[in-house]
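1. Provided below are the primary sequence and the corresponding predicted coordinates.
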Amino acid sequence: MHDLASLSAVLRSLQQADVPFVVMGGQAVGAYGASEGSRDLDIYLAAAEVSVPRLTAWLDQVHAELRYLPPISAAVLERGHTVHYDIHFGTTSVVRLDVCTRPARIADPDHLLSRAMPYTLADNTTILIMGLSDLILTKKTQRLKDWGAIELLLDASIARSSAPSAALVTVWLEELRAPDLLRAVIAAQPGLAADVAHRRPAVAAALAGDTDGIRAALLRELQDGLDADAAYQKSLSSELEAMRQQARRDPRQESSLES
Amino acid sequence: MATLDHAMRGRAEAEEPPPALSPAVMMELRALVAARVGPSWMEWFEMTPGERAAALAATPSLTSELRDGA
């Protein structure tokens, strides 16, 4: 498994190319102290109009290999697609770089940079890690493994916080999925919980002392999340299939995939 | 000088809000985290399909409510 320290040369090189990015995905989960065992490096790319040409030049410079369609372009990224490249670093290591500019379910990606967390690597390179709330949103996918990662993130957040702010406790109230933890936070902060209850039935049920209601509401959240991501990915898959068909008709794109 | 120190400390305290949860509560939360054995969704797979359907039926989908209301 790669960790961020062993990827620091790649990250530093990206910074030196003036590519504004935020680390998300499994590596970001790891930075919060919740190991997920990811082998990929997922980044959010800020200011696509300016940064895509810079990143494209960098990908050429490091001889990155396109893994799957589509190849990088601002238009493709801004439609919500992710682009995938293999980056060779060190003597034998390869890391999959996944790049997006419209992470799923984040309503205001242009403000994502301001919510990111600075993180200093062992070699003193400081990078940005996606903010906790944003990272949790991106993990609400069709894969149950990702819902498990949300719980690991929240466990790590609780384990590492000695004096949590009201903002952080609100995130816990909005996202905790373990009923006992959720009940304990609600009991300690009923005022904040009352605010969150307006938008989260599981919290409303807990405030009402409805144990079965908490479990049912949490199950409903999970089912809705799985369904919503399935619908979202289906629309992207249709576009990807159209791109693949276009590539089959265009030998230049096909050869770029073979290289 | 002591007055100035006091004033500075007072200002710092005013600017930094107190933690939203007490050390005792944080200790309780950390104990709950340490006691957890797996993701909470595992319990949904211990339910029969009928039990899961009943639990889902008890809580209407927020997304379908939004869709129906649109």
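-> Done, it's in. Just so you know, these numbers come straight off a predicted model, no measurement behind them. Numbering: from 1, shown residues only, chains lettered A, B, ... in the order given.
2. Check whether stretch A:90-105 comes near chain B.
-> No - judged by CB under 8 Å from any CB of the partner chain, stretch A:90-105 makes no contact with chain B; its nearest approach is 11.9 Å. Every residue, glycine included, has its C-beta placed from N, CA and C.
3. end to end, how far does that stretch reach?
-> 35 Å (CA to CA, to the nearest Å).
4. centre of the chain versus stretch A:210-230, how much separation?
-> Taking CA atoms, centre = their mean, to the nearest Å, one finds stretch A:210-230 lying 21 Å from the centre of the chain it belongs to.
5. Are that stretch and chain B in contact anywhere?
-> Yes - on the criterion CB under 8 Å from any CB, stretch A:210-230 is in touch with chain B at A:212-213, A:215-220, A:222-224, A:227-228.
6. Buried among those? Make that a PyMOL selection.
-> Of the residues of stretch A:210-230 next to chain B, the buried ones go into a single PyMOL selection, burial set by 16 or more other CB atoms under 10 Å in any protein chain shown:
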select buried, chain A and resi 213+215+216+217+218+219+220+222+223+224+228
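7. CSV for the residues of stretch A:210-230 next to chain B, including pLDDT?
-> Formatted as CSV, the residues of stretch A:210-230 next to chain B follow (pLDDT from 0 to 100):
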residue, pLDDT
A:212, 89
A:213, 92
A:215, 89
A:216, 91
A:217, 93
A:218, 93
A:219, 91
A:220, 93
A:222, 93
A:223, 92
A:224, 94
A:227, 93
A:228, 94
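8. Identify the farthest-apart pair in the residues of stretch A:210-230 next to chain B.
-> Spatial extent of those (CB to CB) is set by the pair A:212 and A:228 at 24.2 Å.
9. burial measure for the residue in chain A positioned nearest to chain B, as a count.
-> The nearest approach of chain A to chain B comes at residue A:163, 3.5 Å away (CB to the nearest CB). Neighbours of residue A:163 under the rule other CB atoms under 10 Å in any protein chain shown: 14.
10. secondary structure class for residue B:39?
-> coil (DSSP: H, G, I helix; E, B strand; the rest coil).
11. so how far is residue A:80 from the closest residue to it other than its chain neighbours?
-> Spatial nearest neighbour of residue B:39, excluding adjacent residues (CB to CB, 6 or more residues apart in numbering or on different chains): residue A:148 at 4.0 Å. Counting by CB to CB, to the nearest Å, the gap from residue A:148 to residue A:80 is 24 Å.
12. cool, residue B:20 as well?
-> Counting by CB to CB, the gap from residue B:20 to residue A:80 is 35 Å.
13. Just want to know which of these two has more residues nearby.
-> residue B:20 (21 against 17).
14. so who does that one touch?
-> Each residue near residue B:20 by CB atoms under 8 Å, 6 or more residues apart in numbering or on different chains is listed here: A:164-166, A:168-169, A:189, A:192.
15. Contact partners for residue A:131?
-> Per CB under 8 Å, 6+ apart, neighbours of residue A:131: A:112, A:115-117.
16. buried ones in the host helix or strand of residue A:60?
-> Assigned by DSSP states H and E, residue A:60 belongs to helix A:48-61. Buried residues in helix A:48-61, counted by 16+ other CB under 10 Å: A:48, A:51-52, A:54-56, A:58-59.
17. per-residue confidence at residue 46?
-> The chain I'm using is chain A. pLDDT recorded at residue A:46 is 94.
18. my question was about chain B
-> On the pLDDT scale, residue B:46 gets 74.
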